[in-house]
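A.B. asks: here are the coordinates; sequence isn't available:
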């Protein structure tokens, strides 16, 4: 069985309107490189605002149209609250960390 092509995007610092567009482009470019699942690792993110969330949602939609999954891991409390308030925690697959992600993904293959 083929192992799915996973690409990891590691984010760090503050993700807001100044860099959220770039984030979206980075994610959609990865999909063009043949990734089937893109994991956004938020371990080093200190803060994310609604424009960053908007970019993730747009990237998510673009990927889904092309049968690519977008997942997140290692989100902090602030990011988790942002996702919960907007209901996006129901939309995105969110994993505790990269290990949990790999366990779940590998078990599904």
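C.D. replies: Arrived safely, thanks for sending. On a predicted model such as this, the values are computed, not experimentally measured, just so you know. Numbering: from 1, shown residues only.
A.B. asks: Quick check: which element contains residue 54?
C.D. replies: helix 50-65 (DSSP states H and E).
A.B. asks: starting at the chain centroid, how far to stretch 74-82?
C.D. replies: 13 Å (Cα atoms, centre = their mean, to the nearest Å).
A.B. asks: For it, list every residue counted as buried.
C.D. replies: 74-75, 79, 82 (16 or more other Cβ atoms under 10 Å). The way it works is simple: take the backbone N, C-alpha and C, and place the C-beta from them, glycine included.
A.B. asks: try stretch 86-101
C.D. replies: Buried residues in stretch 86-101 (16+ other Cβ under 10 Å): 88-89, 92, 94-95, 98, 101.
A.B. asks: What is the end-to-end distance of stretch 32-39?
C.D. replies: Length of stretch 32-39, first residue to last, Cα to Cα, to the nearest Å: 15 Å.
A.B. asks: In this structure, where's the longest strand?
C.D. replies: For the chain, the longest strand by residue count, based on DSSP state E, is strand 37-48.
A.B. asks: Just name the closest of the buried residues of stretch 86-101 to residue 44, please.
C.D. replies: residue 98 (12.3 Å; Cβ to Cβ).
A.B. asks: Please name the bridge partners of the spatially closest residue to that closest one that is not a sequence neighbour.
C.D. replies: Distances taken as Cβ to Cβ, 6 or more residues apart in numbering place residue 73 nearest to residue 98, at 5.5 Å, with adjacent residues excluded. For residue 73, the beta-bridge partners are residue 41, residue 95 (DSSP bridges).
A.B. asks: just residue 14 next, same as before
C.D. replies: With DSSP bridges as the rule, residue 14 is bridged to residue 47.
A.B. asks: need the contact list for it.
C.D. replies: 45-48 (Cβ atoms under 8 Å, 6 or more residues apart in numbering).
A.B. asks: Can you pull out the low-pLDDT segments for this structure?
C.D. replies: 1-3, 109 (pLDDT under 70).
A.B. asks: sorry, back to before: from the contacts of residue 14, list the buried ones, please.
C.D. replies: For those, a neighbour count by 16+ other Cβ under 10 Å gives the buried set as 45, 48.
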